[in-house]
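What would the 3D arrangement of this be:
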Amino acid sequence: MTSFPYRPGHCHKTYRLIVLRKHLHRRQGGQLLGEESRYFFYITNDSSQADDQLVRFYDQRADQENTIAQLKSGLPAFHAPTHCFLANWAYMVIAALAWNLKAWYGLLLEEPALQQQVLRMEFKQFLQRFIHFPCQLIRQGRYLIYRIVHFTWDTLTVMKIADWFNALAFPCVAASWGPGGEGPPTTATTVPTKGPGHHTHLLTPHLRRTLPLRPQR
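The predicted structure is shown next:
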């Protein structure tokens, strides 16, 4: 990496040009196919910061193009479903909030590798791995039970994050129950665990309320 003064042909001002060379190794099946060098150029009017600091700064800004591409195709946030300007604006805000919730979900993960993977994951892939679960719906008394049919490690990760949400305190939700603390019918999710007749349960949307869940045979 190096930098030097540079003035484009049609400019009257001299800028700073940073040149970064990367050595790339092309592999296939663990076999080295070849090596090549590629050059990346950064032009700036900042002459105070170091070369590596400026390169990291501009790389972070350039990464926002991937976010814009996801908002266009993954969600899509820029889709106009109605003829009303305010309705389309609300649709775009809701879609952007969904993207922010995906980022929040990734930041809550404990494993650094999985955290970075979720943060950079495409939204459609995130839906397939962590949102769209095959479930069996069972109505029993005042319960609506979602029995997860296919259990994976991604499902376990979702359960851990859900437990973290359940531990949060939401005064507005607690106040809506009334003095007796009674609420409408509760939704539960069962996941088979080790041992006969035992299930792990997740209660929504009342995050602060815990009710016993009878084992499913």
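
tally of neighbours for Phe126?
By other CB atoms under 10 Å, the residues close to Phe126 number 20. All C-beta atoms are positioned from the backbone trio N, CA, C, and that covers glycine.

That one is in contact with Ala103, isn't it?
No: here Phe126 does not reach Ala103: they are 10.0 Å apart, not a contact under CB atoms under 8 Å.

So for the residue positioned nearest the centre of the chain, what's the pLDDT?
Central residue of the chain (CA atoms, centre = their mean): Lys102, 2.6 Å from the mean position. On the pLDDT scale, Lys102 is placed at 90.

Would you mind splitting the chain into its domains for me?
Domain assignment for the chain, taken from automatic domain parsing, gives 1-62, 133-204.

Now tabulate those in a markdown table and tack on mean pLDDT.
Formatted as a markdown table, those follow (pLDDT from 0 to 100):
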| stretch | mean pLDDT |
| --- | --- |
| domain 1-62 | 87 |
| domain 133-204 | 64 |
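
Same list, those, but as CSV with mean neighbour count please.
What follows is those, written out as CSV (neighbours: other CB atoms under 10 Å):
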stretch, mean neighbour count
domain 1-62, 11
domain 133-204, 13
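
now the ones you listed in JSON lines, with distance to Leu109?
Below are the domains of the chain laid out as JSON lines (distance: least, CB to CB, whole Å):
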{"stretch": "domain 1-62", "distance to Leu109": "21"}
{"stretch": "domain 133-204", "distance to Leu109": "7"}
